[in-house]
Each structure stands twice: as C-alpha cells, then as structure tokens.
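**Q** Starting from these lines, generate the structure:
(2 chains)
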Amino acid sequence: MVIKISNLKIALPKGRLLDKTSTLLREAGWELDGYDSKSRFYHIKSGKFPRLGAKVFHEKDIPIQVAVGNYDLGICGLDWIEELLAGYPSSALVKISALGYAGGSLYMVACPETASATQATPGPDRLVSIVSEYPNLSESFALQRRFSRFSVFPVWGGAEVYPPENADLALVRAASEAEIYGYGMVPVSKVLEYGAFLIANRHSWESKNLGKIVSSICDHCAGLSDKENDASPAGEKITVSCLPASPAENIVRLALPDGHQQQPVVELLGRAGISVADYPSASGNRRPLIDIDGVAVKVIRPQDMPVQVANGNFDIAITGRDWLTEHLNQFPSSPVRELIDLGFGRVRIVAVVSQAMPADDTAGLRRLCAERETPLRVASEYVNVADKFARDNHLGHYRIVPTWGATEAFLPEDADLLIENTQTGQTIAEHNLKIIETLFESTACLIGNAGIKPGTRKGKKVASIVATLQKAVVDIN
Amino acid sequence: MRIQRCKGTRDLSPDEMNRFRHIEETFRDSCLGWGFREVRTPTIEYLHLFTSAGTLTPSMLGKVYSFLDWDGWSGERVVLRPDGTIPIARMYIDSLAEKGLARLFYVANTFIFEETGKKTRERWQCGTELIGLGSPLADAHLVLLALETLQKLGLGGVRLRLSHAGLIKELLASLDLSSEEQSRVFDQVLDGNSQVLTGMESKRPELENILLPLLNLKGRSSGFLKNLRALSSPGLPGLVPYLDDFIKIVDILEDLGCKYQVDIASGAGFEYYTGVIFQFYVGKEKIGGGGRYDDLIPAMGGGDVPASGFALYVDRLLGLLGTEFDSLSQVPRIMVRAESDDVIKAAFTAAGRLRRAGYVAELDLGAGKSADLRWTLLVRNADRPFLLTDKVKSAEIEVPTVEEVLKTIRES
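**A** Numbering: from 1, shown residues only, chains lettered A, B, ... in the order given. Predicted coordinates:
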C-alpha cells in the first residue's frame, strides 16, 4: 500500500543498529531501497511512503540532525540522545518511543586496584580523569558525584583500555557487567540503560502529522526485543593484567593505531626489526607485547593520540598528520611534535562543496558567503581544522557541524561545505561533489612530546626508538 | 544578513549606563564610608574553583559557561565566573589572608546559562565580603550596609527576609534522611524551591509539632525565634545553637530599627552558606541577598576563616530606579564651533579652558544641526575672537576673552 504524506524526512542509523532497524522497517512494509550494510548510498526511498526522504547517518549524528530540524524523525540509541541532552538540555528533541532492540548499558568503569579510590568522592586535591566517547554524560557524572577536580577526555573509541595508567575512569558501553569484568575492569556505577529509540524534532512533533510513520514503526518493533531474539552475548573474555597505576618513570609508553593503519604499521615495525605480538589482534586485545624492554604498548584510536601525548599519558604514538594538525589547531601551544614522517597512509585534507554551488575556489566561496542570508554550515570530523579554515578565509557567519564519518552524505541538504580527507577523490566525485581547495597533505607520522628531557633514561630510549624507525623509513624510500 | 545581539544578553544604552553608574557610585560611596576596599578578580577562572565540594550546587554547575582554553589539553576546563563570592575567597587565600580581617567590595558580572534566553545570562552585581570575622554583629552590620545603599538609591518598600542555613541543615539531619537525600533537599531549597521543605514533615510524625511551626509560620520579631527555641529544645536540641545565633542577629537588627520577616523555608542562596541568609525584596522582585559562609574558605584550603557577604543585583535595580538619573549631569554644556579651519586650534584651546572650569564643552564637528544646547561659542579670528549665543535669552554677545565667556555664563 502506498501512503501519501507530505515531505517528511527521517534519519536512519548505520553501524550497530542498521540490521535490526532494517528488519523492523522491512516488516513494517516500508520497501526501502538500499538500506543495508552493503549499500554505499545515503539517500534511500520508501515504496510505502514515496514522499518520505530517508537518509543514513552515523548513529551519533542523528540526535543532532533531528534537534536542529534537518530531520523530522530519527532512530538512534538512547545513549547518544542523552549525551546530546546532557550538553544541550534545551535541544528541540522529543523522545517518542523505545524500540526494544540493541539494548545495553553505559557503565563508569575503573581498574580493580583503583576502583575503591574513585568510588567515594575524591578529596579536593585529587584530579580525576575520565575518558569516554560520551564527554557530556561523563561531565554530568563528575558534577553529580561532586568531584572537585576532574578532566574529561573525549575519545573516539577504545575508552576501556585507558585505565588505570592513562585515566582513572572510563564511561563505556557494555551489554552486561560480565563484559566489563571480561576485560579486566570493574563497574563503578551504571550510568544509563539504552536501546534503539525513535525521536522527533520538537517543532515537527507539534506541527506536522507524523502519526502514520510513527505508528508503522511502533506497531512492528515488539518482535525485535533483545530478550526474545537473542540473549545478550556473554562478554568475550580478554584477560588483561592491569599495570600499576603510576607507571615507572622510565617506561616508554607507545600508542599504536587501531583500524586500517595497522597493516602498514606492522610492516614498518618489521623493517625496523621490532615485533609486536598479537597486533593486529583478532580478539580485540589492546595491550599487545612489544619485544623491547621498558616499552609498554597500547592500541588506541589515532584521533585520540595527540592529546594523550600532550598530557604525557603516552610518550610516542603513530597517528596521522591530520589528527596532529587538528590537535594543534585546538591547542596551539601543545608540546606535541611530529618526529618522523612515516610516508604511508597518504590523504589530502580538502574543502568540498556540492557541484551545484557556484564557487570553484575558496575566494568564490567567500564571495558567496558575503551575500548569504543564512550561516554557512561546515561539516567535518576535523572540527578545529574546519573552524580555522573558515576563520582564516573570512567565511562570515558560519557554523561548524561535527560529524563522525561519512561526512560526504551531509551535502547538499545538511551542510554547505565539508572539510574531508580523500585518497583519490573518487568518493567525492561519486557523490556529485567538488574539491575547491586542498588544505594540506597528511601521512602517518610518529609524534612525541617536546617536554621529554633528552638526557634522561627515558629520553635516550625514545631517541633510540626514533632512530630505529627513522632508519626503517629511510631504507624504504 | 542581520547582525544580532547574542541570545540572553543585553545592551545598556547611554541612559541606562547613567543609571548603572549611579547605582555603582552609590554602592561604592557606602562601602568606602564603612571602611571597605574595592577589588577586582578576573572574568575567567578554573572550573575546579567552583566544583570543589560545597561551593555551588550541581544544578548551577550544569549551567556555567565552561570551555577548554587554548592551552587546555589537560582536559581541565575554565569558566566565565558564575559567582562573585568564590573568586573573592580565592583572592583572599592567594594574597590577603595574612592581613587577617578583610573588608572587600566589588562590582562584577557573572555568567549563568538561562534556558529561555529571555532573562539575561550575564548579570551584574555589587558585592561585599567581610572575611575573617564570625559574629552576629558582623552579619547585622552587612545587612545595615546593604539597607543604607538601597535607601540612598531612593528605593521605597525594601523588605528584608531572613532564614538560616545552619538551621535548615540541622533540621534535615534530624529527619533520618540519607546524606545524599539531605544534600539533595538542601540544594533544592537553595535553588529557590521552598515547597520541598514543607512537604517533608510527615517523615517523623513525632516531630510534626516542631516542624510545622518552624517551616510554615513566618515571624516578625526575635520573640518568634525565641518561641521556636522553646519548642525545639526538648525534641530537637541540635537546633538550639543555630536558633541562638539567629536570635542574636535578629536582636541587633531589631535594636537598630530594622523591619524584617523570618521565613525559614525560604533559604534561596548558595550551597556554601552556613549561617544566616538574608534576602532583599522590592515587591516580588529579589534585588539582593547574602549570608554567612564559614565553611567556604576552609573547603578551599584557606584555613579556618569565617566570612559573610552580600550582593545587590544591578540588573534588577536598573529596572526599579526612576528615569531621573537618565538625563545628563546638571553641569552647563557649551557647543564650541570654529568659524574656519584657521581657528581650529583656538577653538580647542577655548574648549579646554571651559572644561577646566567645570563645564562640558562639545566641539561642533560639522554634523549639521547642532545639539539642543543653551550656549554656543563661535570662535573667530583675532579681531573679534568670540561670539557667545544664549538660546534661552535669544542673545548674541561679542566677548573678547575666554575669561569673559566664563564670567558671562556664570552670571547668567
């Protein structure tokens, strides 16, 4: 049955919610064309609601997109909704209904050795550090617990690997407490239970008839409940031994990247004669062993490395120049330096607009901005690079829209300008977009902290690792 | 594109600034006269100054303007000052503690997010802190200083409402609540929700005959507190020391002829309050408040130093003050005009001479229609130097020297 509704828009999740959301909407008879994990397209059509515009986003972007009014409805996890509301309580969001699937909890976790110390309210001189993908919820937690001094490190992932050496607490997702014990942590507090949720923009909810869509979703979600379909899987057992909370002065802490840079990193280390056991790890081990005495390795997101090196949580790290630049744009006086250009993972960081935009370069864009009535929406994973670009180029009244990947989907409806990385430019061309400027080139690089004293034992050890890697890089070029 | 003022902020026009300065000057005059000295602290402070236990409630901390500074890679945030007192306490600990007693005052803006954007998010206050002394006389003396300032501002119908934070805390402690619940209720009272206390009565029915009058009745004399004291001492002896402190303050105020209302459930204020809480109202509008905060400086690591203070809310006072302060000062204003470019220097010299004599001399910058001033001085060449026009008398007077000009104006 084809149902006529006037132009409504819904934001649908990719990632962990995609399969079940896709099943739900198939059972609801939406006849969505191309909403599956293989699809590379972001705009999808519904056979049942031909005038409904659906677009696929990273789950984390959905509450923001609905709150700002780009979408009338959205489906995403309650965790991201509460994260937005913790930071921006007056967001124009209406929570309509829990959909009963993809449930889990957010736990504040700590290492067993330090858990008891952080459970009580710490004393006035104690700086408590919290890492999380949920910085706003972490800050609310710290305020509610009346921590007198705390710092929150937003991370892109892998928060559970930071305590105890690199943070006191981590706010993480888990299906159960068993999962937390599974990776060697203990839960300090359950902060939130979440699951897939249907949300609406407040203005849309008050003024438009969303009833047919909402009931079509809510009528079909009962069968998807986690309890009936799949018991929450037992947490995968990864045994890790927690290192002492204050690592020995002389241990060099090295951060290696997760994700797609792992293979070239392994090759580089191999050429340098360094071997790291269980990296990349099939079981998700983030503490592989390296065959150099006095060096401890953790595997974290490249995005999170510069700020960790700045704080002395790590001494050296392999990341990308894009993320180093992002960090230095946010904190110009940071002590983090590029030590070696490793040469691989080459991308360009580019400014991208829709083909339809009558601007071929940044000067043209600036002229357009001067005439615009509405602010220029700049979407980027690199919030501070994007902000500096807009500032330096006098793009007038602009707004930065932070994104979590797949940024090209934002143009042209939900953003006007992207600051993106690209290898070949192919994806950009496929989406009918054009590059108007290359900001800089990025390759993988070794970064370090300028504050490490060269004469100390640690400084010497860092210098020797740098020299070894330098030689391996020179050898290949 | 329209350029807009930021949501939740306000501009002050020249007229409003006149009123603003009048409030500020009146407040400064009072404070200086009572031996207080002015200080100023930075607009930006570390967030942890305000998160330290017992300084601001979590609900207030959820509304502060905090951000990572350009060197904030450690993740510690800075804030736009959300409160006037805590920075003064920090400054006292930093650099004034060795002098002992400090009588300080300040005029400062504070920043708290207000959701609707209809009320201002930047608020100005005139504040006074008396650090290093913990006595009923010190508290009463602050109330009198505040009342004197408000009276000098010509505000009629100022009402004083008194409560006592120590009394409320002790009361909550007696109700068998968990310590978490106690601080939650206390925070709600301080955030202005007086209903929460009056709803608590039933938890310990045997105390109802004490709690009901304590929380529901309002009194206008120290006799009221003495009655409460008589009522409490058998069932809730813990309240007695706080009632005694309260009674002493009220006795002094009464002796000095202050009118007040005791309303224990209306404790709105800051979590760091430990003793008397006083609030000033005109009609339904709260125009200021203060209280004793003996635990603040100890909690900040500054040692066992008692303190109390108050603040008057400039934004509210601006709305209450009449427009009589809007007009410019009563000093005569003179428009000075150079007849030609050759005599510009002479015009500046003449204007300077007029200003030194205490007049306002505006230079005619050729903007066309001259302002509506009584006097205009036309500066010409050396032969016939000055022509003074008096609009009131419709007279034009040839004057040879500036001294003569001054004399003419003075004598008119």
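**Q** three-state assignment of whichever residue of the stretch 1-150 of chain B sits closest to chain A?
**A** Residue nearest to chain A within the stretch 1-150 of chain B (CB to the nearest CB): B:Gly75, separated by 3.1 Å. From N, CA and C alone the C-beta is placed, and that goes for glycine too. With DSSP: H, G, I helix; E, B strand; the rest coil as the basis, B:Gly75 sits in coil.
**Q** neighbours around the closest residue to A:Ser140 other than its chain neighbours, how many?
**A** Spatial nearest neighbour of A:Ser140, chain neighbours left out: A:Ala86 (4.8 Å); criterion: CB to CB, 6 or more residues apart in numbering or on different chains. Neighbour count of A:Ala86, defined by other CB atoms under 10 Å in any protein chain shown: 19.
**Q** returning to that earlier point: pop out the phi and psi values for the residue of the stretch 1-150 of chain B closest to chain A.
**A** According to degrees, to the nearest 10, the main-chain angles of B:Gly75 amount to phi 90, psi -10.
**Q** Just confirm the residue nearest to A:Ser140 contacts A:Glu139, I think it does.
**A** Yes. A:Ala86 is in contact with A:Glu139 according to CB atoms under 8 Å; the separation is 7.3 Å.
**Q** So A:Gly47 sits against A:Asp33, correct?
**A** Yes. If you go by CB under 8 Å, A:Gly47 and A:Asp33 touch, sitting 7.3 Å apart.
**Q** Residue numbers of the stretch 251-400 of chain A in contact with chain B?
**A** A:307, A:310-311, A:327, A:330-334, A:372-374, A:396-397 (CB under 8 Å from any CB of the partner chain).
**Q** if we go to 7 Å?
**A** For the stretch 251-400 of chain A, the residues in contact with chain B (CB under 7 Å from any CB of the partner chain) are A:307, A:310-311, A:331-334, A:372-373, A:397.
**Q** how does chain A divide into domains?
**A** A:8-102+A:196-229, A:104-193, A:252-346+A:443-476, A:347-442 (automatic domain parsing).
**Q** isn't the residue of the stretch 1-150 of chain B closest to chain A right up against A:Val152?
**A** Yes. Counting by CB atoms under 7 Å, B:Gly75 does reach A:Val152; the two are 5.6 Å apart.
**Q** and the stretch 301-412 of chain B, which of its residues are near chain A?
**A** Near chain A, when you scan the stretch 301-412 of chain B using CB under 7 Å from any CB, you find B:Gly301.
**Q** For the stretch 301-412 of chain B, which segments count as helices?
**A** B:314-320, B:344-356, B:402-411 (DSSP state H, counting those that start in this stretch).
**Q** of B:Gly75 and A:Val152, who's got more company?
**A** Taking neighbours as other CB under 10 Å, B:Gly75 and A:Val152 compare with A:Val152 leading, 25 against 20.
**Q** List the contacts of residue 171.
**A** Since you didn't name a chain, this refers to chain A. A:Leu171 is in contact with A:106, A:108, A:130, A:132, A:134, A:137-138, A:141, A:159, A:191, counting by CB atoms under 7 Å, 6 or more residues apart in numbering or on different chains.
**Q** Wait, chain B was what I had in mind.
**A** B:Leu239.
**Q** A:Ala472 belongs to a helix?
**A** Yes. Remark: A:Ala472 belongs to a helix, assigned using three-state DSSP.
**Q** can you pull the contacts of it?
**A** Shown in contact with A:Ala472 (CB under 7 Å, 6+ apart): A:268, A:271-272.
**Q** do B:Leu231 as well
**A** Counted by CB under 7 Å, 6+ apart, B:Leu231 has contacts B:210, B:213.
**Q** Tell me the spacing between it and chain A.
**A** 34 Å (CB to the nearest CB, to the nearest Å).
**Q** Then that residue would be within a helix, right?
**A** Yes. Using three-state DSSP, the assignment for B:Leu231 is a helix.
**Q** Pull out the buried members of the residues of the stretch 251-400 of chain A next to chain B.
**A** Among those, those classed as buried by 16 or more other CB atoms under 10 Å in any protein chain shown are A:307, A:310-311, A:331, A:334, A:397.
**Q** show me where the stretch 201-350 of chain A has strands.
**A** A:252-257, A:276-277, A:289-290, A:295-300, A:316-320, A:336-341, A:347-354 (DSSP state E, counting those that start in this stretch).
**Q** Pull out the buried positions in the helix or strand harbouring A:Thr468.
**A** Assessed by DSSP states H and E, A:Thr468 sits inside helix A:457-476. Using 16+ other CB under 10 Å as the test for burial, helix A:457-476 gives A:458, A:461-462, A:465, A:469-470, A:472-473.
**Q** Tell me the gap between that helix and the middle of its chain.
**A** Mean C-alpha position of helix A:457-476 versus that of the full chain (CA atoms, centre = their mean, to the nearest Å) differs by 31 Å.
**Q** Among the buried ones among the residues of the stretch 251-400 of chain A next to chain B, which are located in helices?
**A** A:307, A:310 (DSSP state H).
**Q** which one among the buried ones among the residues of the stretch 251-400 of chain A next to chain B gets closest to B:Pro385?
**A** A:His397 (54.0 Å; CB to CB).
**Q** my guess is that closest one meets A:Glu373, correct?
**A** No. Between A:His397 and A:Glu373 there is no contact under CB under 7 Å: 9.5 Å.
**Q** List the residues that contact B:Trp70.
**A** So B:Trp70 contacts A:331-333 (CB under 7 Å, 6+ apart).
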